[in-house]
Structures are given as C-alpha cells and as structure tokens.
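Student: next input, structure requested:
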Amino acid sequence: MKKLIISIALVLLLSAQSYAGSKTEIETPAFDRALAQQMIGNSIQRFALAEDVGVEDAIASMQLRANMLNFKLVADLPLSEQVEAMGEPANYMRILAFCDALIAKKMVEYDIIFAGFLPCRIAVLEDGDGKGWIVTMNMDMMLHAVDLPEDLQPLAKKVRDTIYSIVDAGVNGDL
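Tutor: The predicted structure follows:
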C-alpha cells in the first residue's frame, strides 16, 4: 500500500510539473498502464445504496447531513438531465460538490495540487440495472499520499470524516 501511495504521489507530481512547464499543450509523463489503472481503481470508492433508498432520497439525505455538518453544497450537476436535453437517453447521474472554503484555502496555500481535488465530489448514479450507487474519491488515500504539517492534519481528517458521513447518510437514506 505504501508503494502504491508513493507511486500516486509521484505520478501527480510529474503530471503537475509537466503541465507547469508547458504553455501550449499538456504533456503527460510515460507510466505503466496497469499501474495507472490500479491507481485509478484504488483512488475511487463505490457504495451501493441500501435496498429501500432511491437516488433522490440519497441526495436529500446527503444535502441534509452536509448542512448539519456545516459543509456547503457548492455545485449540483444533473448530468443525466443534460444528456437527455441533448437527445440521448441516460441513466441517472448527478454530481454533488461539497466544500469547506476555509479548509480548502489552507490546503491549497500549502500545496496547489489540492486544487485539483476541490471541491469534494460525490456522484449519485444508477447503473444499467437501475441499482443506485454513490461514488467518491478515496479520502484516506488522498490523506496519506501527502505529508501534511501538523496544523493541517486535523483539518484534512475533518474533511475526510465529513465526506464519509455525507456518503453514509446517502447510502442509508438517513434524514
């Protein structure tokens, strides 16, 4: 696991350095495809909605929990509605973005790479069988891939715990 975290940090660093040096095009460093697939797979978490919880109930529960925890809903992207408006059928897909702006500011001031993870996104979707899912970033992986100073560690853990609490509310339909 530690080797994987180091690999992720290296790829992110190399990607950021490649982009920082290029004004006209984004260059990506060469890396092993299988390792990249493993990194992507490990960086995302998927949670099936409880049997009696629909996608709209999950969203309402997450919005309520976020409000209770003072995490702001800063974006709501109804992607399946947009796809349908373009004339294509689509399974339900909606992306919610939550943030604590003061914590985000501190994290980005420490390392601008955190801007790429902002705001914290939680996708709510239905698969081809109509099963509801919540998908979000593996917050633990993000936390352990960067050496944070002592003053930022509790803030990063607060974000992780809050996002996981929001996800849990959605998965279980807790109002």
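Student: residue boundaries of the helices in the chain?
Tutor: Here the chain has its helices, by DSSP state H, at 2-20, 33-43, 55-68, 79-85, 101-110, 139-144, 153-172.
Student: I figured L118 hits D111, correct?
Tutor: No - applying C-beta atoms under 8 Å as the test, L118 and D111 come out as separate, 12.0 Å apart. (C-beta placed from N, C-alpha, C; glycine too.)
Student: of the two, which one has the most company?
Tutor: Legend: neighbour count by other C-beta atoms under 10 Å for L118 and D111, higher for L118 (16 against 13).
Student: tell me the contacts of the more buried one?
Tutor: Contact analysis of L118 by C-beta atoms under 8 Å, 6 or more residues apart in numbering lists 99, 104, 107-108.
Student: between the residues you listed, which is nearest A145?
Tutor: M107 (13.0 Å; C-beta to C-beta).
Student: which residue, neighbours along the chain excluded, lies closest to that closest one?
Tutor: Excluding the flanking residues, the one nearest M107 by C-beta to C-beta, 6 or more residues apart in numbering is F114, at 4.1 Å.
Student: burial of that neighbour, as a residue count?
Tutor: Neighbour tally, F114, other C-beta under 10 Å: 20.
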